[in-house]
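Participant: my questions are about this predicted structure, shown below with the sequence.
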Amino acid sequence: MEATKLRRVDFVFRPDNTSIDVLRKTLKRDADDIILELIDSGLKGRGGAGFLTGLKWKLAKEAAGDIKYVICNADEGEPGTFKDREILDRVPRRVLTGMAICAHTIGAKEGFIYLRAEYKFLAHKLKAVMAEMNEEFKKLGLDFSVSLRYGSGAYVCGEETALIDSMEGRRGEPRNKPPFPVTAGYLNKPTVVNNVETFVNCCIIANIGADEYKKFGTDNSRGFKLFSVSGDCSKEGVFELELGMTLADFVEEFGDGDTKAVQVGGASGFCVPRKKFKDTIIGFEGIPTGGSMKIFNSTRSMYNVLHNYLEFFEEESCGQCTPCRVGCQQLIKGIEAVKRKEKPAGYLDELVKLAKVMKVASKCGLGQSVGNAFVSIVENFREEIVY
Amino acid sequence: MEKMINLTINNLPVTVEEGTTILQAARQLNIRIPTLCNHEDLCVAGNCRVCVVEQVGMRTLQASCATPVRENMQILTNSMQVRQARKTIIELLLSEHNADCTKCYKNGKCELQDLANEYRTGNQVYIDLVPLKHYTIDQSSPSILKDDSKCIRCQRCVRTCAELQAVSALSAAYKGSEMKISSFYERPMHEVVCTNCGQCINRCPTGALIEKNYIDEVWDAIYNPTKHVVVQTAPAVRVALGEELGFEPGARVTGKLVAALRRLGFDSVLDTDFTADLTIMEEGTELLTRLKKVLVDGDKNTALPMFTSCSPGWIKFIEHTFPELLPNLSTCKSPQQMFGALAKTWYAQKKGINPKDMVSVSIMPCTAKKFEATRPEMRDSGYQDVDYVLTTRELAIMIKQAGIEFMKLEDEDYDSFMGESTGAAVIFGATGGVMEAALRTAYEIVTGREVPFTNLNITPVRGMEGVREATIKVENVKPEWSFLEGAEVKVAVAHGLANAKQLMTAIRDGKAQYHFVEIMACPGGCLGGGGQPIPTSPAIRQKRAEAIYAEDEGLPIRKSHENPEIVQIYREFLSEPLGHRSHELLHTHYKPRKRY
Ligand SMILES: Cc1cc2nc3c(=O)[nH]c(=O)nc-3n(C[C@H](O)[C@H](O)[C@H](O)COP(=O)(O)O)c2cc1C
Ligand code: SF4
Ligand code: SF4
Ligand code: SF4
Ligand code: SF4
Ligand code: FES
């Protein structure tokens, strides 16, 4: 697989004075046509799981029922991710335009932005923009309006079915899938849940067309993406980059010269050690990321890094399923015991086996991804964990 | 016709209806997949994960209880990956679990223990998390003991309480490692809306929710030579006890039950059926009196429809949830409490026993009756009317402890008096039974004729439908009931508190009109009570119901008012239904309770 060169682009945050025009133009198009173009563009969800957005919309459109919903997932709870906040703050109209295009495509009349509890400070401005855009939709003859819902501070509520549960007033616990939200989502109606950035990308594709969009990225990872860069870096913040660069290029640009490892994709992502930077492509052919890029230099103890992530998961697991609830506790207690020499170093192998069971047997993406950080850190930095 | 789906499980082909789960499909092939959170009566949770299977081509394992079959699926239920995952999951559960089986009430009757046994999880690899937890044991309720250290968080109890009972006294609280099953703001169980119905106990796979047991107290009373121990047995016990002692569901073991109680050493072996018949006399008369007050006297203070009051889970539910409908509740005590009040008065008198020296024990299919016995309203004999309430399960334990070979016992009869029973009393154990028994008697009081149903079987009020209705036309009445001539008496029956709630809401909002309504807190009525043998399922409850109706048909007397002991007690002691003594001993009033 050919990697791209690191290239900064500027689509998402361009001054936004075109959204309404894009919407006007798109509303005239046939739903199937929009879906075809979206599939052709190769856009995959920017929330982490990377499902083909066009396909998701297609399934929701084809799902039986008159009442359908569009939900924008702005729960942004992945440690080290802060790009959705930036989008909602700077270009909220693009998000709402993306949602409106989706509504037009699948036949939804109502939409929601599910906003992370900690982002309430954005609400005031967001509500004003929503009111204005809801008016615009009406003017354009689109029977669709968007309202705001707040998260309750649980990371797991970013998982789409837990998010829906929480919107319905229940305890946010991931549901069994199938059925998927596209057939039975909010109030059991077909529902599209997309990440904030995904909706913006839909808006951009509607504007520039799939052919132009496809010029960016690789076969498996089309387009560009926002990266939230943090840790021991030369510059930190949100950067828009073409997808498909190697981690080596990335570290060259953002590292502080002493980079030992990069955690790609937040707590639920993978830890890549220096020796693998060259061969690691950031994208779906390599290591995908919802945006979080955390850089560690040689002063960092990887034991502490891992311990932090495990603490996070132990607390943020919804607690309903066995592998995740108990597995997280065992992993954290396990590395503590190894560190204190209460368990032999070989116990780490037992824990790696456990992490692999969690990966295949947990109910939702949270429990399934705990093993990513665990296995990649333990396998690459075993000495730091033991001694 | 449903669409049919073809798949293979462990390379064996199977064709099942669309919508079937992998778990159900495997059962058709006689392949058992272990489960913990799954329960036939409840919605799918998919949280314990012990039922995971491999679907060829999928990255993750699938929870077989929660995954519908799809065309051409290839499922492996016993691959290396599945086995390893399943064993790991069981070990994880155990690492959080206070597994002191030999000291546990559920020892030998525990689904977790069975699984641990099956997978021989002897040498634990994982760290014991129990010492790091702050598990609590809640013993506050007289009916239910909640021990968090035994809980595997399968949420069967949560789903039971919400879906079947619409009470939601229990819910999942906190997250991550702190996640637990909690009552409202962690208040003790006796302070929350819990109705003590015990349905959660019936479905808890472990020892986390069990009945408060009074086995030792009852043994102590039996061994105490100065005490005369009276025991009464509820109608539904005789069609379920067998399940604990080697019989198939649906076995009728009335005679063996009596014989076993004698061998245990109870001094008088009596039958709650007697006071079930008495309830019919009192409640039937109350209904007719209410009808007369409303229809003839135009009395605005008399509430209709009248609700039955024999189910103490239902009583606590209405106190909390529909206090405005309390005036509709019959003032009759439950048969257990009528029995208790009479045991320490009439029975004691006739037998020349000082009620102070009498210990009154009841064997019930029910955990709510444990609570009921402790109510302040239930001391009309001058003592606590019923001292100890044992569930069907506790009685089975005593029988085993005593070394009685239950299956080989010869049938025996109840002592007389307060031991005579009719078919009408027996059917109290099934949903619709009180209604049927009441109609058999009331109709005959009013018309002088038997109810117009073949063989006295009032089939419209039978069955397992959640809410059932019937209308009975009353014609050619006796002169003193002329106001009922041509009347259509509308009745309704509901079982399970979720169904009760639905019916009560309709009644409260004026959307449904009835004269008489029977409510049983438990699914299926008492035969599905919270003190009955575990497991429970629709099929098991159906078998017990069939046994109840068979018992009814097999009895020579099937109408309460024809029970000779009932005739006798009115002649000798109570004079007439709703008379002065009845009011003193057999009736009571309940007060509203707060939701929180
Ligand atoms: C534990 C967990 C947390 C998640 N948190 C988020 C989140 O904060 N924001 C988000 O967009 N997606 C999150 N997701 C992914 C969503 O479930 C869902 O896949 C996504 O919103 C779909 O949108 P997309 O296809 O546009 O990426 C999370 C998933 C899991 C398992
Ligand atoms: S994997 Fe974790 S977060 Fe997901 S359902 Fe299971 S316990 Fe909850
Ligand atoms: S709940 Fe089951 S496994 Fe746990 S101690 Fe009791 S019998 Fe043993
Ligand atoms: S006893 Fe009944 S009401 Fe109480 S918690 Fe259990 S199911 Fe709910
Ligand atoms: S109390 Fe019993 S039924 Fe409820 S979650 Fe715990 S183990 Fe399951
Ligand atoms: S029985 Fe299937 S997940 Fe629990």
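Facilitator: Received the coordinates, thanks. Ligands and ions are numbered 1, 2, ... in the order given.

Participant: could you list the low-pLDDT ranges of chain B?
Facilitator: Low-confidence segments of chain B (pLDDT under 70): B:1.

Participant: could you list the domains of it?
Facilitator: According to automatic domain parsing, chain B comprises the domains B:4-78, B:92-211, B:215-274+B:335-408.

Participant: so for the chain, the centremost residue is which one?
Facilitator: Looking at chain A here, since you left the chain open. Geometric centre of chain A, nearest residue: A:G47, 2.0 Å, by Cα atoms, centre = their mean.

Participant: please refer instead to chain B.
Facilitator: B:G529 (1.1 Å).

Participant: now do that one against ligand 2, distance only.
Facilitator: In this view, B:G529 and ligand 2 are 34 Å apart by Cβ to the nearest ligand atom, to the nearest Å. Quick note: C-beta positions are derived from backbone N, CA and C, even for glycine.

Participant: deepest of the domains of chain B, which one?
Facilitator: When these are scored by mean count of other Cβ atoms under 10 Å in any protein chain shown, the highest mean neighbour count falls to domain B:215-274+B:335-408 (a mean of 22).

Participant: any part of that one near ligand 4?
Facilitator: No: judged by Cβ under 6 Å from any ligand atom, domain B:215-274+B:335-408 stays clear of ligand 4, getting no closer than 6.7 Å.

Participant: okay, how far is it across that domain, tip to tip?
Facilitator: 23 Å (Cα to Cα, to the nearest Å).

Participant: please, where are all the strands along the stretch 251-387 of chain A?
Facilitator: A:259-264, A:270-273, A:292-297 (DSSP state E, counting those that start in this stretch).

Participant: report all helices and strands that the last one contacts.
Facilitator: So the one you mean is strand A:292-297. Under the contact definition 3 or more Cβ pairs under 8 Å, 6 or more residues apart in numbering or on different chains; DSSP states H and E, strand A:292-297 sits against strand A:224-231, helix A:247-254, strand A:259-264.

Participant: among these, which is the most enclosed?
Facilitator: When the helices and strands packed on strand A:292-297 are compared using mean count of other Cβ under 10 Å, strand A:259-264 is most buried, at a mean of 26.

Participant: picking that back up, with distance to A:N73 and mean pLDDT added, can I get the strands of the stretch 251-387 of chain A in CSV?
Facilitator: Conversion of these to CSV gives the following (distance: least, Cβ to Cβ, whole Å; pLDDT from 0 to 100):
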stretch, distance to A:N73, mean pLDDT
strand A:259-264, 20, 98
strand A:270-273, 22, 98
strand A:292-297, 15, 97
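
Participant: to A:A131, which of the ones you listed lies closest?
Facilitator: Among these, the nearest to A:A131 by Cβ to Cβ is strand A:292-297 (32.1 Å).

Participant: before we move on, back to that, of all the domains of chain B, which one is nearest chain A?
Facilitator: Among these, the nearest to chain A by Cβ to the nearest Cβ is domain B:92-211 (2.6 Å).

Participant: for the stretch 251-387 of chain A, which residue gets nearest to ligand 2?
Facilitator: A:G367 (2.5 Å; Cβ to the nearest ligand atom).

Participant: what helices or strands is the strand or helix carrying A:K61 leaning on?
Facilitator: Secondary structure from DSSP states H and E places A:K61 in helix A:53-62. Here helix A:53-62 is seen to pack against helix A:31-41, helix A:92-106, strand A:191-195, helix A:196-208 when contacts are counted using 3+ Cβ pairs under 8 Å, 6+ apart.

Participant: the ones you listed: which one's closest to B:N224?
Facilitator: strand A:191-195 (66.4 Å).

Participant: cheers, nothing more for now.
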